[in-house]
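Colleague: can't give you the sequence, but here's the structure:
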């Protein structure tokens, strides 16, 4: 999946110059905006951002790899987050995860080859009474089991067309 997309450096330059006025203190926000554009931070962008802001490339890399919300690997169009907190765990979150492993043919932290889905686990979504719970992008789905999880995922597959 290396270099899965074309990067528009002019768009990134415009972002850094106009929105943030080349302010190196805005590095985290700049990386958030780049993530918003590409759904991840293309690694070839890191040295470019460093040059534009006049900071060492190691600083940009360390910030990009420190925060869990940033990724240097392409993410899927649909981020599937499975709650593995205590309430969801005791109600079958592991079974939900196993069903997703089989259906998506990926493991936790991986992305499908077609870049449609990325699978991750999170510690708690604050929906304990509805567990087990998953979130797909911004949509929360609760009260799931092994039979109900795949139809939920299929809703997002159908949006592909």
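Modeller: Happy to help now that I have it. What you see is a predicted model; the values in this text were computed from it and never measured.
Colleague: what's the pLDDT at residue 95?
Modeller: Per-residue pLDDT puts residue 95 at 96.
Colleague: now residue 2
Modeller: 45.
Colleague: roughly how far apart are the residue nearest to residue 129 when sequence neighbours are not counted and residue 132?
Modeller: Closest residue to residue 129 apart from its sequence neighbours, by Cβ to Cβ, 6 or more residues apart in numbering: residue 87 at 7.7 Å. Placement of C-beta: from N, CA and C, glycine included. When distance is defined by Cβ to Cβ, to the nearest Å, residue 87 is 8 Å away from residue 132.
Colleague: Could you check which of those two has the larger neighbour count?
Modeller: Counted by other Cβ atoms under 10 Å, residue 87 and residue 132 do not tie: residue 132 has more neighbours, with 27 against 17.
Colleague: Let me see the contact set for that one.
Modeller: 82-83, 88, 91-93, 95-96, 142-145 (Cβ atoms under 8 Å, 6 or more residues apart in numbering).
Colleague: What does it show for phi and psi?
Modeller: phi -70, psi 150 (degrees, to the nearest 10).
Colleague: Tell me how many other residues surround residue 117.
Modeller: 23.
Colleague: er, residue 145 actually
Modeller: By the criterion of other Cβ under 10 Å, residue 145 has 12 neighbours.
Colleague: what sits against the closest residue to it other than its chain neighbours?
Modeller: Spatial nearest neighbour of residue 145, excluding adjacent residues (Cβ to Cβ, 6+ apart): residue 92 at 6.2 Å. Going by Cβ under 8 Å, 6+ apart, residue 92 touches 132, 144-146.
Colleague: with these in mind, which one is nearest to residue 76?
Modeller: Nearest to residue 76 among those is residue 144, at 19.2 Å by Cβ to Cβ.
Colleague: For residue 8, see how far away the closest one is.
Modeller: Taken as Cβ to Cβ, the span from residue 144 to residue 8 is 39 Å.
Colleague: more neighbours, those two?
Modeller: Neighbours were counted for residue 144 and for residue 8 using other Cβ under 10 Å; residue 144 has more, 25 against 12.
Colleague: And this structure, what are its domain boundaries?
Modeller: 9-66, 78-158 (automatic domain parsing).
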